[in-house]
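Peer 1: build me a model from this:
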Amino acid sequence: MKQFCMALLLFTLTSCVQRSIQIDSMPRVALVVLDEVKMGYTPLTIPFSHYGVREIRLEKPGFAKLNVVKNIKKPWYETPILAFFVDVLWPFVIEDVHPFQFTLESLSEEKEKGLLDRADEARSVLKGNTGS
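Peer 2: Presented below is the predicted three-dimensional model:
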């Protein structure tokens, strides 16, 4: 009986679900901010433990910031009753990967100059309002 219990324990310790979000971008090496936390640069794989809505922001100098909301849905085997068997009794590793590919829009020099001009104008207006 003792050997059976040890075998069962080893059997259950080997099972798990590895969940991850893979984020890539064109161009690469864009900063990834996931749920307001800086995570790193693309391409990037981020492990997670809970499904649901995630906010993804990509930033790269010379490119428009990209804000996206993604709902990462539970797979069929994550329903309450099945999740116990998959997480505890299933003898194999399940890789649940959610890949996302994003394309960043280039800020042309003209757009960038216009953006900087608007920022300078707003700064001037704010300086004028704070001085009175």
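
Peer 1: what comes into contact with the host helix or strand of residue 128?
Peer 2: Using DSSP states H and E, residue 128 maps to helix 109-131. Helix 109-131 is contacted from outside by 62, 107, using Cβ atoms under 8 Å, 6 or more residues apart in numbering. Every residue, glycine included, has its C-beta placed from N, CA and C.

Peer 1: any idea how far it is from the chain center?
Peer 2: The chain centre lies 32 Å from the centre of helix 109-131; the measure is Cα atoms, centre = their mean, to the nearest Å.

Peer 1: count the neighbours of residue 95 for me.
Peer 2: 10 (other Cβ atoms under 10 Å).

Peer 1: sorry, wrong one. I was asking about residue 25.
Peer 2: Neighbours of residue 25 under the rule other Cβ under 10 Å: 22.

Peer 1: who does it form a beta bridge with?
Peer 2: residue 102 (DSSP bridges).

Peer 1: kindly report the same for residue 18.
Peer 2: Beta-bridge partners of residue 18, as defined by DSSP bridges: residue 95.

Peer 1: and the closest residue to residue 83 other than its chain neighbours, what does it touch?
Peer 2: Closest residue to residue 83 in three dimensions, ignoring its sequence neighbours and counting by Cβ to Cβ, 6 or more residues apart in numbering: residue 77, at 7.1 Å. Residue 77 makes contact with 17, 83, 86, 94, according to Cβ under 8 Å, 6+ apart.

Peer 1: ok, residue 55 next?
Peer 2: Neighbours of residue 55 in contact, by Cβ under 8 Å, 6+ apart: 34, 35, 36, 67, 68, 69.

Peer 1: just to be sure, it is in a strand?
Peer 2: Yes. Assignment of residue 55 by DSSP: H, G, I helix; E, B strand; the rest coil places it within a strand.

Peer 1: sounds good, over and out.
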